[in-house]
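Engineer: Sharing a model that was predicted from the sequence below.
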Amino acid sequence: MNAGLQPFLSDAVVALRAPTQVWSGHAGDLGAQAIDGVYHGDTRFVREAELTYTVGDEASVPEPISVGEISASAVSFTALLRRIDDDWPDPKVRLERVRTVEAGMVRERLRVLSHLAGPVSTTLRLRLVPDFAPLQEVKAGASASRAWESDADGRTVRLSSDGRTLVLAAPDAHVRTEDQSVVVEWSVDCPAHGEWTAEWTLELDDPGLVVARAAAEPRRNAVDLPAAHDSRLGRWVDRALSDLDALRLVLPGAPDDEFLAAGAPWFFTLFGRDSLWAARLLLPVDPGIAASTLRVLARLQGTKTDPATAEEPGKILHELRAGELAMPGEGILLPPVYYGTVDATPLWVCLLAEAAAAGMPESEVRALVPALRSALGWIVTSAGDDGFLDYVDETGRGLSNQGWKDSGDSIQWRDGTLAHGPIALCEVQGYAYEAAIRGAALLESLGEEGAAPLREWAAGLRRRFADSFWVTTPEGRYPAIALDRDGRPVDTLTSNIGHLLGTGILEPDQAREIARLLTGRSMTSGFGLRTMSTDAAGYWPLSYHGGSVWPHDTAIAARGMAQEGLLHEALVVVDGLLAAAETFAFRMPELYSGDDRTTTPAPAPYPAACRPQAWSAAAAIACREIVGI
């Protein structure tokens, strides 16, 4: 394992139930990969776990033959115990491990099955290495285990470190601590043509968590696909719904209001933009989580101006953590409650309007009118002297880019040089226009005042956008990704323009031209839409935001195409996502390479991409809706 490098995730096996997750290798053991471990909240409680069996006095490692992901929360591992088998070529002694993750609990059932004519005896030995390292250190590839104390009684052991506790229980085994590890041993006596079973559990607790498990089952509408649908779509939807179920969380003070954690392993918490987009894409099958997400974010809506946290009155937050979030090597130190996002506020308004139209009870909508007015007020008053919503980090320690492409190099000119802020992103102006128009209509429908000024402001924004954002390059005419600090249009062709579709800020001919460019050679990989054109100097297929494909980004563009009446183009884009989903066993990662489908049978994984990711999973529902049109 290389210190100082972010762990790769693409080849690891995960079982999760937020806020708990277990990452392992394909054999089921933990420790060979940097990401391996048992996590709860923002802490890795266990970093190694190895299961061996004895042959005489010698320890042997089971030989893995299969891994099966039963659901997002349960995984089955199968291995052979060949050193206690007979001499025939057919394997007759096998070990099955079924790992199930619940919120705050990991359960593993062990099963030895034998087809031998006589009994089999061995000792199974499980060795665990406690860790208690902060998640952000694991992500940075620079984690160090914390000291811990233990109390064992032969069947259980309780470990504690800085208020966090881990209790391992194995009723049929002998449990002890040994050399900074925990050892569990079972005496296995498996009868002829029979089986032996046992179970062990880990109970995890961190009293400092700012999120909690969702107790209720998800309330979803039936997911009915057209009779002639592509079978890949059905498999993707099924997998996505399982992952989304496992990503549900609540805040401790509001146990009935669920939201979706952004993704595993790094983002088991509330993110304004991510939770809003995931709920929006999921709206056709789960309108309840849209309403509860809106309420959760409204409770945390900004009330004052605080440059240290980027809070402003009416602003929707970006991220919630238990403590400061440091990103070693990047110079970023985010406060526990951070508002550094320019798009979450208009997206909150858009989701409220869509949820109301989808049947959110009027009483619930009315209860959010004060938050709606505050959000709309922030949108209108935050537009700068040029009349556009922009951002700049005022602290020097926050996010330098505060749209969905929030990496430091995501806003580039065609020649590859970085744009300087304040930055006004194109898609944010589309979100703001849609929020003002839909917010005005919602207020009007409720008999509330204030619709006319909002419509007037939106009309002005639409005119300003048409005058300021459009550029002409050898690739065609399209909106720039952003305006820089001098008001100049940053001329790179990117997927950001796909988010403008369906917002109402475009003329029909402009929407058609954007759809044409997005489905053209430089922007579509055949597995989805690239984040940046191949003709841009900064393009690289494995760049985080400069050439990779993000499923949610592609699905948002396809959704907008369908809303603009461009169904053929939308279906072309959906077909690319389905081709990619198949290569990832229908669990779509956060992102993957922008390699071309004509030259490769599958996109290369972005090895550090989160999976499952809420908005990548919810993209399946958006595609399902497009196919059903």
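Structural biologist: Perfect, thanks for sending it.
Engineer: from here on, contacts and neighbour counts on C-alpha atoms
Structural biologist: Fine.
Engineer: if I look at the closest residue to Phe77 other than its chain neighbours, how far off is Arg82?
Structural biologist: Closest residue to Phe77 apart from its sequence neighbours, by CA to CA, 6 or more residues apart in numbering: Val67 at 4.6 Å. According to CA to CA, to the nearest Å, Val67 stands 18 Å off from Arg82.
Engineer: mind listing what the residue nearest to Phe77 touches?
Structural biologist: Contact analysis of Val67 by CA atoms under 8 Å, 6 or more residues apart in numbering lists His26, Ala27, Val75, Ser76, Phe77, Thr78.
Engineer: so, if you compare those, which one comes nearest to Glu564?
Structural biologist: Among the contacts of Val67, Val75 lies closest to Glu564 (CA to CA), at 41.9 Å.
Engineer: ok, for the closest one, nearest residue in space, not its chain neighbours?
Structural biologist: In this structure, Val75 finds its nearest non-sequential neighbour in Glu69, 4.5 Å apart by CA to CA, 6+ apart.
Engineer: Give me the secondary structure label for the one you found.
Structural biologist: Following DSSP: H, G, I helix; E, B strand; the rest coil, we place Glu69 in the strand state.
Engineer: Just give the closest residue to Met105, not the sequence neighbours.
Structural biologist: Leaving aside its sequence neighbours, Met105 sits nearest to Glu203 (CA to CA, 6+ apart; 4.6 Å).
Engineer: what's the neighbour count on the one you found?
Structural biologist: 17 (other CA atoms under 10 Å).
Engineer: Residues in contact with the lengthiest helix in the chain: which ones?
Structural biologist: Ranked by residue count, the top helix of the chain under DSSP state H comes out as helix 426-445. Here helix 426-445 makes contact (CA under 8 Å, 6+ apart) with 342-343, 346-347, 349-350, 353, 369, 372, 376, 379, 388-389, 403, 449-452, 454-455, 457-458, 461-462, 465, 469, 479-483, 496-497, 499-500, 503-505.
Engineer: Now go through those residues and say which are in helices.
Structural biologist: Short answer: the contacts of helix 426-445 in helices (DSSP H) are 346-347, 349-350, 353, 369, 372, 376, 379, 451-452, 454-455, 457-458, 461-462, 465.
Engineer: Let's have the contacts of Val67 in JSON lines, adding secondary structure, neighbour count and pLDDT.
Structural biologist: JSON lines is the format used below for the contacts of Val67 (DSSP: H, G, I helix; E, B strand; the rest coil; neighbours: other CA atoms under 10 Å; pLDDT from 0 to 100):
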{"residue": "His26", "secondary structure": "coil", "neighbour count": "19", "pLDDT": "96"}
{"residue": "Ala27", "secondary structure": "coil", "neighbour count": "21", "pLDDT": "96"}
{"residue": "Val75", "secondary structure": "strand", "neighbour count": "21", "pLDDT": "98"}
{"residue": "Ser76", "secondary structure": "strand", "neighbour count": "20", "pLDDT": "98"}
{"residue": "Phe77", "secondary structure": "strand", "neighbour count": "20", "pLDDT": "98"}
{"residue": "Thr78", "secondary structure": "strand", "neighbour count": "21", "pLDDT": "98"}
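Engineer: Least confident secondary structure element in the chain?
Structural biologist: strand 325-327 (a mean of 83; mean pLDDT, DSSP states H and E).
Engineer: Helix or strand next in line after that strand, which one?
Structural biologist: Next in sequence after strand 325-327, counting helices and strands by DSSP states H and E, comes strand 332-334.
Engineer: Sheet partners, orientation included, of that next one?
Structural biologist: According to DSSP bridges, strand 332-334 forms sheet pairs with strand 325-327 (antiparallel).
Engineer: if we look at the strand it pairs with, which residues are touching it?
Structural biologist: Strand 325-327 is contacted by residues Gln136, Ala140, Ile332, Leu333, Leu334, Pro335, Pro336 when judged by CA under 8 Å, 6+ apart.
Engineer: in this structure, which strand has the most residues?
Structural biologist: Of all segments of type strand in the chain, defined using DSSP state E, the longest is strand 120-134.
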